[in-house]
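# Need coordinates for the following:
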Amino acid sequence: MEKLPAYKKCYNKLKSDIDNNVYPIGSYLPTEDELGKMFSVSRTTVRHAIDLLVKDKRIKVKQGAGTQVINPKERELTNFSKFHNVIDINTLFPDNAALTISGTWIDRIPANSQVASALDLNEGTEVFRLQRVVSSNEQPVIIQTNYIRIDFFPDLDTYREQLVDLYYFIQKHYGIKFETGEEHINISSADFLDAQILNIEPGSPIFFNTRTAHCSLGPMEYLEARIRPDLCHFVVRMKEPPAWYDLPEFQKSLERV
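Purely as a prediction, here's the structure:
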């Protein structure tokens with residue numbers, strides 16, 4: 001059995017302590033230095049564990065104050081009471097857009113803490129990095145970087161020219177299907193390299209999207225995409241609320257949130 005990474009041990013212990021009210025709602029976790037001494041780990045390992053707890057919405061980092069344990073109702077707000085009627089979210093380009101992929105490159109790199117966390121690996125474990133630029137009518141629109149587990153697809157880097165549709169290729173060649181994924185749509189600003197590739201000014205607003213994709217073996221891919229918002233937009237499709245939305249019990253639960 002693979003040894004549990006230090007950051008996962010730290011995360012599991014803090015998660016258990018929060019759930020068991022060792023750190024009550026509204027209280028603050030010990031500082032990074034204090035946690036490092038408690039678990040005999042580095043500050044980098046502590047930050048990794050903290051990042052996972054933030055993703056779980058068990059805590060929030062308050063600038064200048066520390067790391068605070070938050071109310072479970074805050075965790076459930078977006079998941080339960082607001083977006084129950086979302087059907088899907090799509091990325092759209094203009095109707096006349098001719099999409100092309102250029103600059104495809106795949107290599108092997110050690111996973112940083114973010115990639116390791118997303119793919120459930122030890123930090124420093126070697127992963128594939130697939131880099132591509134998506135253009136619309138010859139104008140670069142998306143800088144796309146996929147981080148992929150080598151142990152699932154050991155010879156993937158020998159098929160660089162065939163990776164136009166990554167999930168289709170993986171299913172066809174390895175017999176492994178994409179099953180679930182979670183994508184986060186964020187706003188960021190273009191750094192110098194982003195700006196050079198996307199033909200925009202440094203500091204211009206861009207979408208910064210991240211996604212973790214899962215297959216039957218576990219998390220298989222972590223994606224980072226930097227996107228020009230003036231040439232691409234996202235559409236959220238919704239339907240009428242389900243029948244239970246009007247039930248008194250549910251309406252009362254909204255009042256308490």
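
# Show me where this structure has its helices.
Secondary structure of the chain (DSSP state H): helices located at 6-19, 32-39, 43-55, 72-76, 113-119, 166-174, 192-198, 248-256.

# Output the below-cut-off pLDDT ranges for this protein.
The model of the chain has pLDDT under 70 over residues 1-2, 63-65, 72-97, 236-257.

# ok so, going back, can you add mean neighbour count and give the helices of the chain back as CSV?
The way it works is simple: take the backbone N, C-alpha and C, and place the C-beta from them, glycine included. What follows is those, written out as CSV (neighbours: other CB atoms under 10 Å):
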stretch, mean neighbour count
helix 6-19, 18
helix 32-39, 15
helix 43-55, 19
helix 72-76, 13
helix 113-119, 20
helix 166-174, 16
helix 192-198, 15
helix 248-256, 10
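
# any idea how this protein splits into domains?
For the chain, automatic domain parsing gives the domain ranges 6-70, 91-237.

# hmm, back to that, tabulate the helices of the chain in CSV, adding columns for distance to Ile227.
Output for the helices of the chain, formatted as CSV (distance: least, CB to CB, whole Å):
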stretch, distance to Ile227
helix 6-19, 30
helix 32-39, 33
helix 43-55, 21
helix 72-76, 28
helix 113-119, 18
helix 166-174, 17
helix 192-198, 9
helix 248-256, 33
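
# Would you mind saying which of those helices lies nearest Tyr222?
Set against Tyr222 and scored by CB to CB, those come closest in helix 113-119, at 3.8 Å.

# what residues does that closest one touch?
5, 7, 44, 47-48, 51-52, 111, 121-125, 127, 147, 149, 210, 212, 219-222 (CB atoms under 8 Å, 6 or more residues apart in numbering).

# Sitting in strands, which of these do you find?
When DSSP state E defines the strands, the subset of these inside them is Val127, Tyr147, Arg149, Thr210, Thr212, Pro219, Met220, Glu221, Tyr222.

# what would the residues you listed look like in JSON lines with distance to Leu231 and neighbour count?
Below are the ones in strands among the contacts of helix 113-119 laid out as JSON lines (distance: CB to CB, whole Å; neighbours: other CB atoms under 10 Å):
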{"residue": "Val127", "distance to Leu231": "30", "neighbour count": "24"}
{"residue": "Tyr147", "distance to Leu231": "25", "neighbour count": "23"}
{"residue": "Arg149", "distance to Leu231": "31", "neighbour count": "24"}
{"residue": "Thr210", "distance to Leu231": "20", "neighbour count": "15"}
{"residue": "Thr212", "distance to Leu231": "25", "neighbour count": "19"}
{"residue": "Pro219", "distance to Leu231": "30", "neighbour count": "18"}
{"residue": "Met220", "distance to Leu231": "29", "neighbour count": "26"}
{"residue": "Glu221", "distance to Leu231": "25", "neighbour count": "25"}
{"residue": "Tyr222", "distance to Leu231": "24", "neighbour count": "23"}
